[in-house]
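> Dropping a prediction and its sequence here:
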Amino acid sequence: MVIRVLALVVALFALALVPAQAEPLFGKGAGLPDIYLFPRVVDGAYAAEPYPDPDGGANAYRTSTFAATGFDHVRLTIDLGPFLDDPGSARWATFRDPFLALIDRFRREKLGVIVTLTAPGLNGQIPEDQLDGLEGPRFKRYTEVVGRVARILKNRRGRIALEAMNEPQQACVAEGKLDWTAYQERLVARIRTEAPDLLLFVTGGCWSKIEGLGGVGDALLADPKTLVSVHFYEPFLFTHQGSTWTLPIMPLIAGLPFPAAPDRLDVVLARAVERGLGRPALILEAQAAIRYYFVEKWDATKVRMQFDALERWRRGRNIPPERIVLTEFGASKADGLADDVASRAAWLEAVTRVVETRGWGWTLWVPSRGPYGVDDGQGGYDPRFLNALRLSAP
């Protein structure tokens with residue numbers, strides 16, 4: 001008996017010596033894309049006041065209830081297009097003070113803020129259009145605006161972090177041209193010049209997917225004020241089903257379940273025919289993708305396996321887990337069908353459980369107002385989504 005007691009004492013003492021894992025600075029959050037991601041356009045050009053009512057946008061998302069719901073931060077995604085060609089900084093002048101007031105509002109609401117800057121999307125532009133060489137005119141102009149944002153955030157109180165460019169590069173590693181990682185180092189250097197103590201996020205290629213992190217330099221990651229931004233939308237066929245803005249086959253794919261229950265296969269295949277509107281080649285391509293989804297047997301275990309690669313990368317780079325944040329993820333409901341809440345909730349739970357178990361943070365793409373929302377369509381949140389995310393009704 002004495003030996004057992006001594007063994008227990010030794011075990012408890014050893015456990016006490018193990019350092020507690022730090023909580024993520026950004027634990028559970030939600031993006032607010034409608035506020036700054038879609039600037040007003042008049043006659044094909046940016047309006048004089050591109051973002052007229054940010055406070056009203058926050059009200060529409062009901063951010064005053066976020067802390068009570070269980071969120072601890074928000075993510076503002078800002079299209080910098082209006083400020084890249086802004087004679088006399090006229091548009092910037094309409095943006096600056098309301099933006100800072102919004103940051104202060106979130107602090108009062110006990111919310112941290114991730115500020116993610118995006119390259120302009122007007123007239124079909126993509127982020128890589130701004131990556132025209134370290135001395136290229138577009139990249140130099142973009143860098144100047146990033147520095148300007150860092151400067152005004154420098155002395156703001158609260159948990160604030162800046163990310164220089166959202167989903168910057170399609171390829172994991174650029175071929176035949178300068179890779180995103182070189183541009184990121186230049187942008188980070190500019191941010192550090194303007195705001196040495198500001199938290200910042202770095203990310204990789206492949207639209208910020210896990211696979212794109214390999215090229216992120218050790219020097220950037222060595223700074224304890226640097227966090228890692230990762231996006232997750234796997235399996236793509238499920239999370240983007242019914243979308244009209246991705247792959248040509250996606251509008252034909254609707255009703256995919258998660259987990260991939262085999263008894264639903266025939267129904268989803270038949271629906272692809274209905275939605276194909278007599279386009280046989282596209283129908284066959286969509287049906288092949290649908291069959292492959294079921295063959296792969298997507299479920300919570302397979303989702304967890306996707307994150308094993310991120311955990312290996314994190315350990316290999318010796319990055320504390322609390323500095324990893326899934327800054328975008330979500331699953332869309334398919335247009336024209338009743339919302340399959342059970343499947344979307346199961347996927348959200350699978351993702352967030354593994355993220356939280358690993359000690360990382362997460363940020364929903366959007367909490368409401370759109371196909372990726374987890375709201376009930378009546379001003380509240382669907383309790384099935386709240387349960388899946390371990391959140392509470394405010």
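That came through, no problem. Numbering: from 1, shown residues only.

> Please make it C-alpha for all contacts and neighbour counts, starting now.
Will do.

> Report the contact partners of residue 388.
Neighbouring residues of residue 388 by Cα atoms under 8 Å, 6 or more residues apart in numbering: 345, 346, 348, 349.

> Are we agreed that it is in a strand?
No: assessed with DSSP: H, G, I helix; E, B strand; the rest coil, residue 388 is helix; it does not lie in a strand.

> any chance of the contacts of residue 388 in a markdown table, with secondary structure and distance to residue 253 too?
Converted to a markdown table, those look like this (DSSP: H, G, I helix; E, B strand; the rest coil; distance: Cα to Cα, whole Å):
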| residue | secondary structure | distance to residue 253 |
| --- | --- | --- |
| 345 | helix | 19 |
| 346 | helix | 19 |
| 348 | helix | 20 |
| 349 | helix | 23 |
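
> Closest to residue 152 out of those?
Proximity of those to residue 152 was ranked by Cα to Cα; the top entry is residue 348 with 35.0 Å.

> That closest one is in contact with residue 389, isn't it?
Yes: Residue 348 is within contact range of residue 389, at 6.8 Å (criterion: Cα atoms under 8 Å).

> follow-up on the earlier one: tell me the most packed of the contacts of residue 388, by neighbour count.
Using other Cα atoms under 10 Å as the neighbour test, the contacts of residue 388 are led by residue 345, with 22 neighbours.

> got a list of what that one touches?
Contacts here follow Cα under 8 Å, 6+ apart; on that basis residue 345 touches 384, 385, 388.

> same for whatever helix or strand residue 325 lives in, what does it pack against?
Assigned by DSSP states H and E, residue 325 falls within strand 324-329. Strand 324-329 sits against strand 226-232, strand 361-364, with contacts defined as 3 or more Cα pairs under 8 Å, 6 or more residues apart in numbering; DSSP states H and E.

> What's the separation between the residue sitting nearest the centre point of the chain and residue 145?
Residue closest to the average C-alpha location in the chain (Cα atoms, centre = their mean): residue 328, at 1.6 Å. Distance from residue 328 to residue 145, counting by Cα to Cα, to the nearest Å: 23 Å.

> Point out where this structure drops to low pLDDT.
1-21 (pLDDT under 70).

> ok, which stretches of it are strands?
Using DSSP state E, the strands assigned to the chain run over residues 28-31, 41-42, 45-46, 73-79, 112-118, 160-163, 199-202, 226-232, 324-329, 361-364.

> those helices in the stretch 251-394 of the chain, which residues are they?
Secondary structure of the stretch 251-394 of the chain, counting by DSSP state H, counting those that start in this stretch: helices at 265-276, 280-296, 300-317, 341-357, 383-389.

> So for residue 229, which of those helices sits nearest?
helix 300-317 (11.3 Å).

> Dump that closest one to PDB, keeping only the CA atoms.
Extracted in PDB, the C-alpha atoms of helix 300-317 (Å, rounded to 0.1, in the frame of the first residue of the first chain):
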ATOM      1  CA  ALA A 300     -14.500  12.600 -39.200                       C
ATOM      2  CA  THR A 301     -11.500  10.200 -39.200                       C
ATOM      3  CA  LYS A 302     -10.500  11.300 -42.700                       C
ATOM      4  CA  VAL A 303     -10.900  14.900 -41.800                       C
ATOM      5  CA  ARG A 304      -8.600  14.300 -38.800                       C
ATOM      6  CA  MET A 305      -6.000  12.700 -41.100                       C
ATOM      7  CA  GLN A 306      -5.900  15.900 -43.200                       C
ATOM      8  CA  PHE A 307      -4.700  17.800 -40.100                       C
ATOM      9  CA  ASP A 308      -2.000  15.300 -39.300                       C
ATOM     10  CA  ALA A 309       0.200  16.900 -42.000                       C
ATOM     11  CA  LEU A 310      -0.200  20.300 -40.300                       C
ATOM     12  CA  GLU A 311       0.700  18.800 -36.900                       C
ATOM     13  CA  ARG A 312       3.900  17.300 -38.400                       C
ATOM     14  CA  TRP A 313       4.800  20.600 -40.000                       C
ATOM     15  CA  ARG A 314       4.200  22.400 -36.700                       C
ATOM     16  CA  ARG A 315       6.300  20.000 -34.700                       C
ATOM     17  CA  GLY A 316       9.000  20.100 -37.400                       C
ATOM     18  CA  ARG A 317       9.200  23.900 -37.200                       C
END
